[in-house]
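# Take a look and give me a structure for this.
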Amino acid sequence: MIRRLLPSLLTALAGVAQAVPVAVDVGHYLERPGATSAYGIAEFEYNQSLSAVLAARLAMDHVPVRLIGWRGEMAELRERPRQAEAAGAGFFLSIHHDSVQESQLAPWQWRGRVMRHADGFAGFSLYVSRLNPRLEQSLACARAMGAALREAGLPIATHHAATASGSGGLEWADEAQGVYYYDNLVVLKTANVPAVLLEAGVIVNRDEERQLAGAERRTLTAAAVARGLRNCGVIRR
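Next up is the predicted model:
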């Protein structure tokens, strides 16, 4: 229902907006929908659903929202930040859901189908690029969102981190708040505005996927993200 009503809701509230316009980018697209969950659902569906809840929450807070890649048609990654900026967005947030490396997935049976899962991994993570010209604000907002997600009771996903030798993963930008450096992510490094990518949770974890599919977790995540954006100054108090 919220996905059907979202465009009219955003239009209705645009006239009273008092904050920096935020681009909410729906990660992946229909032809390449991202990871497959433990229950066989494409990541794009999770990204689209959470983006709808987040956009509605921001609109209710009188934040103008620019939805990017909503219909699943946008294959060119560089076009996403360009479209956001052309629409007047001053902040770019890309919404995703996480998986693990192929070698960490194990088979299981679900409704007569062989699926794959990795129940030992869970939690959110946030990414910024040091190639983004607005790194300082990107990092400040990623930290603020991470802090708000932690305060909401959500764990940090640590499985992307580099080992003690500095190899095999990503460098922490702020370990305490779940923020990594991921310099070559196209949507982050090519944006000319502050940009952050959120992995909202691990959809190959069977228990966490059940949570991520529900209204309670989506509402909690959207509220925490909005609080983080308020704390870093994107949303005016």
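# how near is the residue of the chain most remote from its centre to Gly40?
Largest separation from the mean C-alpha position in the chain: Gly112, at 31.4 Å (CA atoms, centre = their mean). Separation of Gly112 from Gly40 (CB to CB, to the nearest Å) stands at 11 Å. The C-beta positions use only the backbone N, C-alpha and C, and glycine is treated the same way.
# Then Pro64?
36 Å.
# Between those two, tell me which one has more neighbours.
More crowded of Pro64 and Gly40, by other CB atoms under 10 Å: Pro64, with 22 against 12.
# okay, that one: pLDDT?
Pro64 is assigned a predicted lDDT (pLDDT) of 95.
# Check whether it really touches Ala55, as I assumed.
No: here Pro64 lies out of contact with Ala55, judged by CB atoms under 8 Å, at a distance of 10.2 Å.
# which residues does Val65 contact?
Leu10, Pro21, Val22, Ala23, Val24, Ala55, Leu58, Ala59 (CB atoms under 8 Å, 6 or more residues apart in numbering).
# how about it, phi and psi?
phi -120, psi 140 (degrees, to the nearest 10).
# what about the nearest residue to it once chain neighbours are set aside, helix or strand, and which?
Residue nearest to Val65 in three dimensions, not counting chain neighbours: Ala55, with 4.5 Å by CB to CB, 6 or more residues apart in numbering. Assigned by DSSP states H and E, Ala55 falls within helix 43-60.
# What helices and strands are in contact with that helix?
Here helix 43-60 touches helix 2-14, strand 22-26, strand 65-68, strand 91-98, helix 215-231, going by 3 or more CB pairs under 8 Å, 6 or more residues apart in numbering; DSSP states H and E.
# CA-only coordinates of the longest one, as CSV, when you get a sec.
Extracted C-alpha coordinates of helix 215-231, given in CSV (Å, rounded to 0.1, in the frame of the first residue of the first chain):
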residue,chain,number,x,y,z
ALA,A,215,7.1,-3.4,9.1
GLU,A,216,8.6,-3.1,12.6
ARG,A,217,12.2,-3.4,11.5
ARG,A,218,11.7,-1.1,8.5
THR,A,219,10.0,1.5,10.6
LEU,A,220,12.7,1.3,13.3
THR,A,221,15.5,1.7,10.6
ALA,A,222,13.8,4.6,8.9
ALA,A,223,13.3,6.4,12.2
ALA,A,224,16.9,5.9,13.1
VAL,A,225,18.2,7.1,9.7
ALA,A,226,16.0,10.2,10.0
ARG,A,227,17.4,10.9,13.5
GLY,A,228,20.9,10.5,12.2
LEU,A,229,20.3,12.9,9.4
ARG,A,230,18.8,15.4,11.9
ASN,A,231,21.8,15.0,14.1
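# I'm done for today, thanks for sticking with me.
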